[in-house]
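Q: kindly generate the corresponding structure for this input.
(2 chains)
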Amino acid sequence: MSQLPAERYAEIQSHQGYLMRYALAQLRDSQLAEEAVQEALLAALEGIGSFDGRSSLRTWLTSILRFKVVDLQRRAVKERAQADLGEKVSAAVDEGWIDEFFDESGHWRSPPQAWNDPDAALEQTRFWQAFEQCLGRLPAGAGRVFFRREVMGDETAAICQDEGITASNCWVMLHRARLALRGCLERNWFGREPADGR
Amino acid sequence: MDAEAKLNCRAAARLLLLAAERPLDAGELNALSHHLDACFLCKNFSLQLDFLHRASVFYAAGQ
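A: Prediction:
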């Protein structure tokens, strides 16, 4: 293939913003969308020789992107199903989710500390960075159900129905999410000595 | 208070977590409040769950 004229290259690049919005609308995940667009642009640059000009360049690019998007959607669904399966299996272990926090006599293994003026944290930018990090560390399913329950304020029953799992497994996912988030904030924010300028 | 209403911390924490998903019944509430009156660790835990809820609402409001 002869070298791509700079003009043609720039023309392809000029559609990147549109392609990104297209991918984002379908995938609803900026990282996946970015990936799809990069793969589509790469395929377009390699296959530009087969572009016959009968459709517009944008239409041609979009048709390539569509394949990449479907591909990534399939991959994401498959990965999500696998991740959820792992969570569901561990959720099904009877009461195991709470036992790790308590000894045989039912006492806290790691006693919850008193958090010093937690509401003051709500005013601090760095607290929200810690909060987001802790949210991000939750297992995928737990993060999803917690976000819907607490951030979006949905009813537990509706969330559990959408997840397609039993109410008890769904509640355990929420319990785990709360315990994990609490522990993460205690370790990463409230456990520290308060410092000035934070 | 009868013996059945006495909770250990594990049972109290379980009720506190359940309370976020469904209303507790009178017996559960009674047992829980007795435990929380006597146990500052579970009281801490309870306050922290309340805080998680408040923080999430703040976050949703675009913090």
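
Q: list the residues that contact B:Lys43.
A: When contacts are counted by CB atoms under 8 Å, 6 or more residues apart in numbering or on different chains, B:Lys43 is found next to B:Leu36. Just so you know, the C-beta spots here come from the backbone N, C-alpha and C atoms, and that holds for glycine as well.

Q: do that again at 10 Å, thanks
A: Applying CB atoms under 10 Å, 6 or more residues apart in numbering or on different chains, we find B:Lys43 in contact with A:Pro112, A:Ala114, B:Ala12, B:His35, B:Leu36, B:Asp37.

Q: now, which of those residues lie within strands?
A: Filtering the contacts of B:Lys43 for membership in strands, criterion DSSP state E, returns an empty set.

Q: filter those residues to the buried ones?
A: Among these, those scoring as buried are A:Pro112, B:Ala12, B:His35, B:Leu36 (criterion: 16 or more other CB atoms under 10 Å in any protein chain shown).

Q: out of those, which is nearest to A:Asp99?
A: Distances from A:Asp99 to those, taken as CB to CB, are shortest for B:Ala12 (14.7 Å).

Q: may I see the buried residues of stretch B:50-61?
A: Using 16+ other CB under 10 Å as the burial criterion, the residues of stretch B:50-61 that qualify are B:Phe51, B:Leu52, B:Ala55, B:Ser56, B:Phe58, B:Tyr59.

Q: farthest pair within the residues you listed?
A: When CB to CB is used, the two most widely separated members of these are B:Phe51 and B:Tyr59, lying 12.1 Å apart.

Q: still on that earlier bit, farthest pair in the buried ones among the contacts of B:Lys43?
A: Every pair in the buried ones among the contacts of B:Lys43 was compared (CB to CB); the two farthest apart turn out to be A:Pro112 and B:His35, at 13.7 Å.

Q: stretch B:45-63 vs chain A: in contact?
A: Yes. Part of stretch B:45-63 sits close enough to chain A to count as contact by CB under 10 Å from any CB of the partner chain, namely B:45-61, B:63.

Q: got a list of what A:Met20 touches?
A: Counting by CB under 10 Å, 6+ apart, A:Met20 makes contact with A:Ser30, A:Ala33, A:Glu34, A:Ala36, A:Val37, A:Gln38, A:Leu65.

Q: where does the prediction get shaky in the chain?
A: No chain specified, so I'll use chain A. Flagging of chain A using pLDDT under 70 yields the residue ranges A:1-3, A:77-78, A:81-94, A:192-198.

Q: actually it's chain B I care about, not the one you picked
A: Under the criterion pLDDT under 70, the flagged ranges of chain B are B:1-5, B:62-63.

Q: show me where it has helices.
A: B:9-18, B:26-38, B:40-60 (DSSP state H).

Q: grab the most central residue of chain B for me.
A: A centroid search over chain B (CA atoms, centre = their mean) returns B:Leu16, at 2.8 Å, as the residue closest to the centre.

Q: for that one, give its distance to B:Ala61.
A: When CB to CB, to the nearest Å is the yardstick, B:Leu16 and B:Ala61 sit 25 Å from each other.

Q: how does chain A divide up, domain by domain?
A: Residue ranges for the domains of chain A, per automatic domain parsing: A:6-90, A:99-190.

Q: which stretch among these is buried most, on average?
A: For the domains of chain A, the largest average neighbour count (mean count of other CB atoms under 10 Å in any protein chain shown) is found in domain A:99-190, namely a mean of 17.

Q: quick one, helices of chain A?
A: A:6-13, A:16-27, A:30-47, A:57-92, A:96-99, A:118-121, A:125-137, A:140-146, A:156-163, A:167-185.

Q: any chance of those in CSV, plus distance to B:Lys6?
A: CSV is the format used below for the helices of chain A (distance: least, CB to CB, whole Å):
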stretch, distance to B:Lys6
helix A:6-13, 70
helix A:16-27, 52
helix A:30-47, 50
helix A:57-92, 28
helix A:96-99, 18
helix A:118-121, 29
helix A:125-137, 33
helix A:140-146, 31
helix A:156-163, 28
helix A:167-185, 22
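
Q: so which of the ones you listed is nearest B:Ala31?
A: helix A:96-99 (16.6 Å).
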